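[1] Here is my input, please return the structure:
(one chain, ligands or ions: 2)
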Amino acid sequence: MSLERIDRQGLVLLGCGKMGSAMLEGWLARGVAPSSISVIDPYPSDRLESLAQQGLRLNEAPPKDPAICILAVKPQMMTDALPQISDLAQGGTIFLSIAAGSTLAYFERVLGDKAAIVRAMPNTPAAVGRGITAIVGNGAAGAEALDLAEELLQAVGQTVRIEDEAQMDAVTAVSGSGPAYVFHMIEAMAAAGEAQGLDPELAMTLARATVAGAGVLAEQADETPERLRVNVTSKGGTTAAALAVLMDDQTGLAQLMRRAVNAAADRSRELGE
Ligand SMILES: NC(=O)C1=CN([C@@H]2O[C@H](COP(=O)(O)OP(=O)(O)OC[C@H]3O[C@@H](n4cnc5c(N)ncnc54)[C@H](OP(=O)(O)O)[C@@H]3O)[C@@H](O)[C@H]2O)C=CC1
Ligand SMILES: O=C(O)[C@@H]1CCC=N1
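    Ligands and ions are numbered 1, 2, ... in the order given. Next comes the predicted model:
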């Protein structure tokens, strides 16, 4: 099992904000020992300070030849942050970037094209073990590098491999940013319920449970989302009235979502320039 390689050689996490800490919790829950983990982050959280008491190395020099180094700072901070770990490229360390937009070619320019580099796009449901991450490797990332990256990411949810790095911008726009669209839908449903006279707390309870329940049903049911939608929609009933608005050819959700995903993918491409 390659996670044993992490126990032996260690893991370095550069940047431990929202996404880095979500993954860190998954690895700890999967049994990676705090003493195998080195975190570099200028303003560590209380949780990191407490993990440091349990052996996690916090803002210390990284171990000599860690199995993997996860790059989890914002793309705009990457160039400033990389010098802290770039020496690791002299050894066999695998680099795993989760930064939106930052390309494999960019990392090769900084770390060299002999370094095994994996580009990944996770999402925040990783915090509850329900993320999905797409990965793609550079030419130097062989099966062992991809397997180790995948195993680490599977500790916090599902993984998919993609062949064409150019698809990463679309992946980012759908699943990387996607949780925010769903959270916004909860907010919008709750606000609409309030506008109908519901108490704000009740409206939020109804909206949150409905989206969560529908998500689980969409995942677990044998039927397609389309069939599940039809199952809710009684002929001449309330859902049909709502869907006539949401599925309008010109102003419906599909058109809006296409524009939103397009904007996110464009921004991902810009971040990579
Ligand atoms: N949030 C998300 O849903 C997702 C994010 N990503 C990607 O993950 C990466 C991190 O995003 P996110 O966690 O949201 O961002 P955060 O800002 O929450 O996390 C980045 C962390 O890096 C720290 N940091 C800043 N500069 C340095 C440095 N020089 N060395 C070490 N650490 C540094 C920041 O510290 P400080 O706050 O003090 O500046 C912060 O703790 C981004 O590249 C993003 O594209 C990918 C998928 C989903
Ligand atoms: O908003 C962002 O840029 C990051 C990448 C995907 C989710 N959050």
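[2] residues contacting the one residue in the stretch 101-250 of the chain that gets nearest to ligand 2?
    Residue of the stretch 101-250 of the chain nearest ligand 2, by Cβ to the nearest ligand atom: residue 176 (3.4 Å). Heads up, the C-betas are built off the backbone N, CA and C, glycines and all. By Cβ atoms under 8 Å, 6 or more residues apart in numbering, the contact list for residue 176 reads 100, 121-123.
[3] Distance-wise, check it relative to residue 127.
    Using Cβ to Cβ, to the nearest Å, one obtains 14 Å as the distance from residue 176 to residue 127.
[4] Same list (the contacts of residue 176) but as TSV, adding neighbour count.
    Output for those, formatted as TSV (neighbours: other Cβ atoms under 10 Å):
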residue	neighbour count
100	21
121	28
122	23
123	25
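[5] Make JSON lines out of the residues you listed and add distance to residue 144, pLDDT and secondary structure.
    As requested, the contacts of residue 176 are exported to JSON lines (distance: Cβ to Cβ, whole Å; pLDDT from 0 to 100; DSSP: H, G, I helix; E, B strand; the rest coil):
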{"residue": "100", "distance to residue 144": "26", "pLDDT": "97", "secondary structure": "coil"}
{"residue": "121", "distance to residue 144": "21", "pLDDT": "98", "secondary structure": "strand"}
{"residue": "122", "distance to residue 144": "21", "pLDDT": "97", "secondary structure": "coil"}
{"residue": "123", "distance to residue 144": "25", "pLDDT": "96", "secondary structure": "coil"}
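[6] Which pLDDT value goes with the residue of the stretch 101-250 of the chain closest to ligand 2?
    For residue 176, the model assigns a pLDDT of 98.
[7] Ok, residue 272 next?
    The model's pLDDT for residue 272 equals 88.
[8] mind starting the numbering at 639 from now?
    Noted, 639 is the first residue going forward, which turns the last one into residue 910.
[9] Pretty sure it sits against residue 740.
    Yes: Residue 910 is in contact with residue 740 according to Cβ atoms under 8 Å; the separation is 6.3 Å.
[10] Return the residues in contact with residue 709.
    Neighbour list for residue 709: 652-653, 716, 719-720, 723, 733-737, 740, 745 [criterion: Cβ under 8 Å, 6+ apart].
[11] Just the buried residues of stretch 682-697, please?
    Going by neighbour count (16 or more other Cβ atoms under 10 Å), the buried part of stretch 682-697 is 682, 686, 689-690, 694-696.
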